[in-house]
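K.L.:
Fold the stuff below for me.
(chains A and B)
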Amino acid sequence: MAAHWFETLTGPLSQKKQYRQDKARIDALPDPYGAAAKAMHRYITYFAAVTDGDTLVTMLGDLADLWERAAVDDTPVRDIVGDDPVEFAETFAQAYAGKQWIDKERARLVSAIDTATSAATGSASPDGTDPGTTGDGPRS
Amino acid sequence: MGKQMTEMLKGTLEGMVLAILATRPAYGYEITARLRDEGFADIVEGTVYALLVRIERRGLVDVEKVPSEKGPPRKVYTLNTAGTEYLDEFWKSWSFLAGRIEHLHETDHAQAEKES
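P.N.:
Numbers count the residues shown, from 1 in each chain, chains lettered A, B, ... in the order given. Predicted coordinates for the structure are as follows:
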């Protein structure tokens, strides 16, 4: 299917459709699963700060799978999230290494350090030792 | 589960899950149950789910969706070639770490005995 001109402005329609479907699955969950899923979705949206649509859609779909399964199996919410919901939500979000707003700053830090260290090349290491030979190798 | 145990598990749970998958393909709940049988009674399903999402996205497992009677299809995870290589690497790192830490432990123990 050819992409329409407006999709270049708004992102693919299929992606939006998928997002709406998964959102509807979450909205249809019975409580306490619905409440837990919505709270988690809100948190990971803030935490992950993912900016690409594909990752956001995949994440929402996986979230819907997780909570639908829990609702069907009557798994207690605590058996899913554990004692620390923040820890759990962050671990979940970190699995999606999508594009994040922080990427630009990461690249900036890396290049700033590269520039700072390349200015200092040619000078010997302060104590004159070779770092490769000071380590303690495995003993038998 | 203690805070220290939680922190230590963060780096090792992935290898443990891959090791379980090396014996045979499994879905999320089976993996959690297996970990509990192995003595990790406090592992929750969500932690394993998040981990499976991660190893899937990194291409260490192949995933097959199997329809289930109720609810969404279950995902069955199979260790692939990349996953097998990753697991080999994990065991090497683990053996090194375990050996070095045990050595520190013995040194520490010997020192304490000398001082007493």
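
K.L.:
Mind jotting down where the strands sit in chain B?
P.N.:
When assigned using DSSP state E, the strands of chain B occupy the ranges B:26-27, B:61-66, B:74-79.

K.L.:
Just tell me which of those strands ends up closest to A:Y43.
P.N.:
A:Y43 lies closest, by C-beta to C-beta, to one member of the strands of chain B: strand B:74-79, at 23.4 Å. C-betas here are computed from N, CA, C, even on glycine.

K.L.:
Now do the closest one: distance to the chain's middle.
P.N.:
Its chain's C-alpha centre lies 15 Å from the corresponding centre of strand B:74-79 when counted by C-alpha atoms, centre = their mean, to the nearest Å.

K.L.:
for chain A, what's the longest helix?
P.N.:
The single longest helix within chain A, with elements called by DSSP state H, is helix A:53-73.

K.L.:
gap between the next helix or strand after it and the chain center?
P.N.:
For helix A:53-73, the following helix or strand on the C-terminal side (DSSP states H and E) is helix A:77-81. Offset of helix A:77-81 from its chain centre (C-alpha atoms, centre = their mean): 20 Å.

K.L.:
near chain B at all, the helix or strand just after helix A:77-81?
P.N.:
Following helix A:77-81 in sequence order, the next helix or strand is helix A:85-94 (DSSP H and E). Yes: judged by C-beta under 8 Å from any C-beta of the partner chain, helix A:85-94 comes into contact with chain B through A:E87, A:F88, A:T91, A:F92, A:Q94.

K.L.:
Would you list the buried entries among these?
P.N.:
Among the residues of helix A:85-94 next to chain B, those that count as buried by neighbour count (16 or more other C-beta atoms under 10 Å in any protein chain shown) are A:F88, A:T91, A:F92.

K.L.:
Contact partners for the second one?
P.N.:
By C-beta atoms under 8 Å, 6 or more residues apart in numbering or on different chains, the contact set of A:T91 is B:T47, B:A50, B:L51.

K.L.:
between those residues, which is nearest B:L13?
P.N.:
The closest of the contacts of A:T91, once distances to B:L13 are taken by C-beta to C-beta, is B:L51, at 6.1 Å.

K.L.:
Could you pull up the residues touching that closest one?
P.N.:
With contacts taken as C-beta under 8 Å, 6+ apart, B:L51 has the following neighbours: A:T91, A:A95, B:L13, B:E14, B:V17.

K.L.:
Could you check the pLDDT of it?
P.N.:
We note a pLDDT of 92 for B:L51 in this prediction.
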